[in-house]
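[1] Build me a model:
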Amino acid sequence: MLLCSAAFGIENKLNVPIMRLQDVKTGMKGEALTVFSGTKPEKMDVEVLGILRNMSGPKGDVILVRLHGEKPEYTGVVAGMSGSPVYIDGKLIGALAYRIGEMSKEPIAGVTPIESMLEISEYDKTPGSDPQIAKSKGTPLAPTAGPGVAPELPQSMNSYLKPIDTPLVFNGFSQEVLQKFAPQFAQAGIMPVMGAGSSSDAKQPEPISAGSSVGAVLVRGDMDIAATCTVTYADSDHLLACGHPFLNFGEVEMPMTKSQVLATLPSPLNAFKIANTTETVGSFVQDRKSGILGRFGKEPQMIPVTLNVSANGRTRTLHFEVLNNARMTPVAMMASVYNAVQGTNAYGEDITFHVAGSIDVAGYPKITLDNMYAPQDGGTAQPAGMQVATAVGDRFNRIFDNPYQKADVRGVNLNVSLLDDRRAARLESARTDLIEARPGDTVNVETVLRPYRGEAIVRQIPVKIPTSAPKGTLRILISDGDTLDRISRMGSGFNRKYDLSSTISMLNQEHSNSRVYVSLLESLPQATVGDSVMPALPGSVMNVMEGMRATQDMTVLGESRVSEASSPMDYVVTGQQVLNINIK
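    Residues are numbered from 1 along each chain as shown. Next up, the predicted model:
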């Protein structure tokens, strides 16, 4: 039955009565619901200890409670328990959301008041959403003075309280991957757990209700990354859970699943629920300071990924989906790709990877990938598999990191081939067959590259002198592709933000790292506007364009690349050299 309770100063559309923070008194006793095993919520006794003012920010008051009962006193406050609803006299007061530091011997927890969680619905603008769960009428949330009101606890308590961890389960991932990427996930406030649960599409007949375990999915398919917490409130349209942010991203789109708790692992240091996520029932659409909000029946938009890993004549194809989110998608893609490329028998320290594929963004040309990644020398060098993952993650970072358009990524296709040796070659020397030339002549550049523990490779690369080349010294740059891309980034401005079309164009113009390039450099300036390059501009043109430069729409380099030639190599090429030739 829906209520309208003006006495609360809230238009309450929940199907349960609520108790405002100002009516919570010290010594009050109630109960909380959570799942310790299976799918059925179990009751825990609750005793109110007091109120922590501004614990989670200005006006972010928290109710401090002690849990009683055989199970909570044995397990303590465990990861995955956040969101467990707390009731006093049958009225919902909020959700368990905080715990006392580490190594606590008592199950003492902090409760996010229900008023704070109700505010989340005010931000829900998803198409077809129902009216707001609750709308504040402006009544102050702070309690009024009076006998029996729960006392304010010392501010020193605040430093001991922290959000209850949300276990992030990596299923199908190696321990090495967990160690490499756990810090990046932990920075978002979620605790990675290796092998403590799994994901499937299995049907779970039990309905979701207050106290049920619920899953939020970041990756699903042949690899899974999912987090679990507890439902605070649920009806036929939506639910509230966690009592604190999952990632604190605001508007989100993550698959919402049912969840089955296999066991609750007690530990003074790191207690958590071991849970399996099951069938998808909707989508989480809001991730806010006081909790997360999900809508039943809403289909989440994920990014489908097809990854083919080939080695020794065999190809293994992986299919999975990754959430579409500017901050988490690059990290989730990096972890998934790295896990896939190093999770094969062919993987080794001297393995080289060749990566080819594309990223499909709706309304734009596909972003192409075609590069090789070999092991590098040096203590700080990344393993080749991590180079592959970083390259993929970098492309996602750049397409998401623009202030103009939202990137609608429709799919990713990657083909990764493992080559059984270190395919790295260093540019050792270069020379030309002429020391003087005329405009329009062709100059042959001889390059010598030294492979890792191999014999020298000699390549002849012809390059044509532009007919417009002025008399005097012409510089010839022989280099790897990364050197040319660094020059291009200098020309387009460091850290400058471009619209999505320009960003994708610039990504597709990047040079392959498995070619050796010969570039002719003239002394006339080169201007770059977005992804467009205008080389060899005379002074009269530069004077006309000076106004654009003042608005920072244009950047200028002192030299221009007026011609370019290259030769493919079956190696990752590194190094650069500059030669001079006299133009008559």
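
[2] And for Pro568, nearest residue in space, chain neighbours not counted?
    Arg515 (5.4 Å; Cβ to Cβ, 6 or more residues apart in numbering). For every residue, glycine as well, the C-beta is placed using N, CA and C.

[3] Look at that neighbour and say how many residues are nearby.
    18 (other Cβ atoms under 10 Å).

[4] phi, psi of it?
    phi -130, psi 150 (degrees, to the nearest 10).

[5] In terms of pLDDT, where does it sit?
    On pLDDT, Arg515 comes in at 97.

[6] what about the helices in the protein?
    70-75, 114-118, 175-186, 328-342, 384-400, 481-492, 500-508, 539-544, 546-550 (DSSP state H).

[7] I'd like the ones you listed as CSV, with mean neighbour count appended.
    Output for the helices of the chain, formatted as CSV (neighbours: other Cβ atoms under 10 Å):
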stretch, mean neighbour count
helix 70-75, 16
helix 114-118, 26
helix 175-186, 16
helix 328-342, 25
helix 384-400, 21
helix 481-492, 17
helix 500-508, 19
helix 539-544, 11
helix 546-550, 12
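
[8] so can I have JSON lines of those showing distance to Ser236?
    Compiled in JSON lines, the helices of the chain are given as follows (distance: least, Cβ to Cβ, whole Å):
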{"stretch": "helix 70-75", "distance to Ser236": "30"}
{"stretch": "helix 114-118", "distance to Ser236": "18"}
{"stretch": "helix 175-186", "distance to Ser236": "33"}
{"stretch": "helix 328-342", "distance to Ser236": "29"}
{"stretch": "helix 384-400", "distance to Ser236": "34"}
{"stretch": "helix 481-492", "distance to Ser236": "52"}
{"stretch": "helix 500-508", "distance to Ser236": "39"}
{"stretch": "helix 539-544", "distance to Ser236": "66"}
{"stretch": "helix 546-550", "distance to Ser236": "58"}
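
[9] can you redo these as JSON lines with mean pLDDT and distance to Gly363?
    As requested, those are exported to JSON lines (pLDDT from 0 to 100; distance: least, Cβ to Cβ, whole Å):
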{"stretch": "helix 70-75", "mean pLDDT": "91", "distance to Gly363": "51"}
{"stretch": "helix 114-118", "mean pLDDT": "93", "distance to Gly363": "37"}
{"stretch": "helix 175-186", "mean pLDDT": "80", "distance to Gly363": "30"}
{"stretch": "helix 328-342", "mean pLDDT": "90", "distance to Gly363": "18"}
{"stretch": "helix 384-400", "mean pLDDT": "93", "distance to Gly363": "12"}
{"stretch": "helix 481-492", "mean pLDDT": "80", "distance to Gly363": "22"}
{"stretch": "helix 500-508", "mean pLDDT": "92", "distance to Gly363": "9"}
{"stretch": "helix 539-544", "mean pLDDT": "55", "distance to Gly363": "33"}
{"stretch": "helix 546-550", "mean pLDDT": "56", "distance to Gly363": "27"}
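
[10] Of all the ones you listed, which one is nearest Lys203?
    Between Lys203 and the helices of the chain, the tightest spacing by Cβ to Cβ is seen for helix 328-342, at 26.0 Å.

[11] per-domain residue ranges of this protein.
    6-153, 167-301, 303-419, 424-583 (automatic domain parsing).

[12] Buried deepest among these, which one?
    domain 167-301 (a mean of 21; mean count of other Cβ atoms under 10 Å).

[13] Quote the end-to-end distance of that one.
    One end of domain 167-301 to the other measures 23 Å (Cα to Cα, to the nearest Å).

[14] From the chain's centroid, how far away is stretch 504-521?
    With Cα atoms, centre = their mean, to the nearest Å as the basis, stretch 504-521 stands 28 Å off its chain's centre.

[15] Any idea how far apart the tips of that stretch sit?
    For stretch 504-521, the end-to-end distance is 26 Å (Cα to Cα).

[16] roughly how far apart are the residue lying closest to Leu64 once chain neighbours are set aside and Leu21?
    Nearest non-adjacent residue to Leu64, counting by Cβ to Cβ, 6+ apart: Leu49, 4.4 Å away. Leu49 sits at a distance of 14 Å from Leu21 (criterion: Cβ to Cβ, to the nearest Å).

[17] before we move on, back to that, check contacts around the residue nearest to Pro568.
    With contacts defined as Cβ atoms under 8 Å, 6 or more residues apart in numbering, Arg515 is in contact with Gly481, Ser566, Ser567, Pro568, Met569, Val573.

[18] So the fifth one sits against Asn513, correct?
    To tie it back to what came earlier, the one meant is Met569. No - at 9.4 Å, Met569 does not count as touching Asn513 under the criterion of Cβ atoms under 8 Å.

[19] so what's the spatially closest residue to Thr232 that is not a sequence neighbour bridging to?
    Leaving aside its sequence neighbours, Thr232 sits nearest to Ala95 (Cβ to Cβ, 6+ apart; 4.1 Å). On the basis of DSSP bridges, Ala95 takes part in beta bridges with Pro85, Thr112.

[20] Just list the residues touching Ala95, thanks.
    Taking Cβ under 8 Å, 6+ apart, one finds 82-86, 111-112, 114, 117, 230, 232, 240-243, 291 in contact with Ala95.

[21] quick one: which of the residues you listed is nearest to Ser259?
    The shortest gap between Ser259 and any of the contacts of Ala95 belongs to Thr230, at 9.2 Å (Cβ to Cβ).

[22] That closest one is in contact with Ser82, isn't it?
    Yes - if you go by Cβ under 8 Å, Thr230 and Ser82 touch, sitting 6.4 Å apart.

[23] so what's in contact with those two at the same time?
    Residues within reach of Thr230 and of Ser82 at once, by Cβ under 8 Å, 6+ apart, are Ala95, Leu96, Cys242.

[24] Among those, find me the one that's closest to Met372.
    Cys242 (43.4 Å).

[25] Show the backbone phi and psi for that closest one.
    According to degrees, to the nearest 10, Cys242 has phi 80, psi -50.

[26] give the contact list for the closest residue to Ser37 other than its chain neighbours.
    Nearest residue to Ser37 in three dimensions, chain neighbours excluded: Val261, at 5.6 Å (Cβ to Cβ, 6+ apart). If you count contacts by Cβ under 8 Å, 6+ apart, Val261 has them with Val35, Phe36, Ser37, Gly38, Thr39, Gly80, Ser213, Lys273, Ile274, Ala275.

[27] hang on, the earlier thing: show the pLDDT at the residue nearest to Thr232.
    So, for Ala95, pLDDT stands at 97.

[28] Relative to Met117, how far out is it?
    Counting by Cβ to Cβ, the gap from Ala95 to Met117 is 6 Å.

[29] Mutual contacts of those two, please.
    Thr232, Leu240, Gly243, Gly291.

[30] Surely the third one touches Thr232?
    Going back to what we said before, that points to Gly243. Yes - here Gly243 reaches Thr232: they are 6.3 Å apart, a contact under Cβ under 8 Å.

[31] what sits in contact with each of the two?
    Residues within reach of Gly243 and of Thr232 at once, by Cβ under 8 Å, 6+ apart, are Gly83, Ser84, Gly94, Ala95, Met117, Gly291.

[32] could the residues you listed go into TSV alongside distance to Gly250?
    Below are the shared contacts of Gly243 and Thr232 laid out as TSV (distance: Cβ to Cβ, whole Å):
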residue	distance to Gly250
Gly83	18
Ser84	24
Gly94	21
Ala95	19
Met117	15
Gly291	13
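
[33] between those, which is nearest Pro107?
    Of all those, the one with the least separation from Pro107 (Cβ to Cβ) is Ser84, at 11.6 Å.

[34] thought that closest one was touching Leu96?
    Yes - counting by Cβ under 8 Å, Leu96 is a contact partner of Ser84 at 4.3 Å.

[35] Now do the shared contacts for the two.
    Ala32, Thr34, Thr230, Gly243.

[36] who are the neighbours in contact with the second one?
    Just to be clear, that refers to Thr34. Contacts of Thr34 by Cβ under 8 Å, 6+ apart are Pro41, Glu42, Met44, Met81, Ser84, Leu96, Gly211, Thr230.
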